[in-house]
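Novice: A structural model of the following input is requested.
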Amino acid sequence: MTTRDEILSLTREHEKWRQNCINLIPSENVTSSAVRELLSSEFGHRYTSADKFYMGTRFLDEIEQTGEELATRVFNSETADLRPLSGHIADLIFLSCFTKPRDTILCVSPTDGGYPGIWKQGIPKFLKLENVGFPFSKENMNIRIEETRDLILQRKPSVVIFGASLFLFPHPAKELTETAQEINAHIAYDGSHVLGLIVGKNFQDPLREGASVLFGSTHKSFFGPQGGIILADKEHGEVIKSQIHPALVDNAHWNRIAALTLALAEIERFGKSYARQVVQNAQTLAKALAASGFPVACPKLGHTRSHQVFLDFGGYKRGRMVAQKLEKANIIVDSGVRVGVCEATRRGMKKAEMLRIAEFMERAFIKREQAEKVKRDVEKFMEDFQMIEYCFE
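Specialist: Residues are numbered from 1 along each chain as shown. Model (predicted):
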């Protein structure tokens, strides 16, 4: 087999397999066919830049302007920047613009579900920043408000970042804003996982609750192409726009920006109904999994208010074993075990389908039914969910 044939064959096999799986990775979603088409458009060959160094860019420039206007409208922000290549790069841009070496940043620790990329071995290591973790309740999977107020006044962080990778409930940004403002901290919100719920008015509204900057990935609960975005007030947004190029992003991949612009138009039209269905699906699935014997976190709080359900198996070692067992039945989760319903929702699944998914997971893990038998039923189930909803097609 030639290298060309091998690459094409592996791609086809992957696509065939994953289309027959129930994909429950909370950091994944699927784009519409129109968004996907733009990713392979002629824009992918081209450059543009704010200093007008390149010619032949008028359509690229208009796309970017349209995308920024859409983003500011749907997120109700004063500025928007679509150039970050990922949520991680958006983190890097924010921290590079608003910290200096030896500053302290306050965020959720990875041991409490925070993003490792902004913890000690991530970006802060290279920017020479000191990390402090929010006081955190694992029982409620949320930040402890009064203890955090005391910590902010004691440690005086330069930056306070709300948001997490394991993200079940809105963070108390509104309750902690006044304290953070007392010490002139920059308040940010990493919405990588929940951007689609924020824009769909079904989680919280960070820019109205005290955050000056909202940033994150565009391919999780938000159903755009893989990449990043930054929304900010005018003061912070102007600083970001003055610093981002050429220090932090040069070629911003204009095919991605075109695709993201169309995804923003889709979410403006369909975002509210999509986000509402995502949360309903997550809550339905959580209750069904708990009834089946899975260790679903936060039962007293209704398990979740986001796109995620957390199965608390006590750590990655046990979680990976659970994930591997489910994968044999074509049910894809991570080693967390975080279970996300964004892709299932975008494929048109609702309450009845969440109950079926819980049943498949129960058969594969709790009842220890033969994986091949469950897999065949999953493949049959997925035949009815190959189309993407909440889009213009």
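Novice: Three-state assignment for the spatially most central residue of the chain, please.
Specialist: Central residue of the chain (Cα atoms, centre = their mean): H193, 2.5 Å from the mean position. Under DSSP: H, G, I helix; E, B strand; the rest coil, the three-state class of H193 is coil.
Novice: so who does it touch?
Specialist: Taking Cβ atoms under 8 Å, 6 or more residues apart in numbering, we find H193 in contact with 26-27, 163-165, 167, 216-217, 220-221, 306-308. The way it works is simple: take the backbone N, C-alpha and C, and place the C-beta from them, glycine included.
Novice: packing partners for the longest helix anywhere in the chain?
Specialist: Ranked by residue count, the top helix of the chain under DSSP state H comes out as helix 254-292. Contact analysis of helix 254-292 by 3 or more Cβ pairs under 8 Å, 6 or more residues apart in numbering; DSSP states H and E lists helix 33-39, helix 58-75, helix 195-199, strand 308-310, strand 338-340, helix 342-346, helix 351-361 as its packing neighbours.
Novice: want to throw these into CSV with mean pLDDT, distance to F381 and mean neighbour count?
Specialist: Output for these, formatted as CSV (pLDDT from 0 to 100; distance: least, Cβ to Cβ, whole Å; neighbours: other Cβ atoms under 10 Å):
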stretch, mean pLDDT, distance to F381, mean neighbour count
helix 33-39, 97, 22, 17
helix 58-75, 97, 33, 17
helix 195-199, 98, 24, 28
strand 308-310, 98, 19, 29
strand 338-340, 98, 16, 27
helix 342-346, 98, 11, 27
helix 351-361, 98, 6, 19
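Novice: Which strand residues bridge D190?
Specialist: Under DSSP bridges, the beta-bridge partners of D190 are F215.
Novice: doesn't F162 make contact with it?
Specialist: Yes - counting by Cβ atoms under 8 Å, F162 is a contact partner of D190 at 7.1 Å.
Novice: Those two - which one has more neighbours?
Specialist: Remark: of D190 and F162, D190 carries more neighbours, 32 against 28, as counted by other Cβ atoms under 10 Å.
Novice: Just list the residues touching the more buried one, thanks.
Specialist: 87, 91, 107, 115, 118, 161-164, 215-216.
Novice: per-residue confidence averaged over the helix or strand containing E372?
Specialist: Assigned by DSSP states H and E, E372 falls within helix 371-382. The average pLDDT for helix 371-382 rounds to 98.
Novice: can you list contacts of that helix?
Specialist: Residues contacting helix 371-382 (Cβ under 8 Å, 6+ apart): 19-22, 325, 328-331, 356, 360, 363-364.
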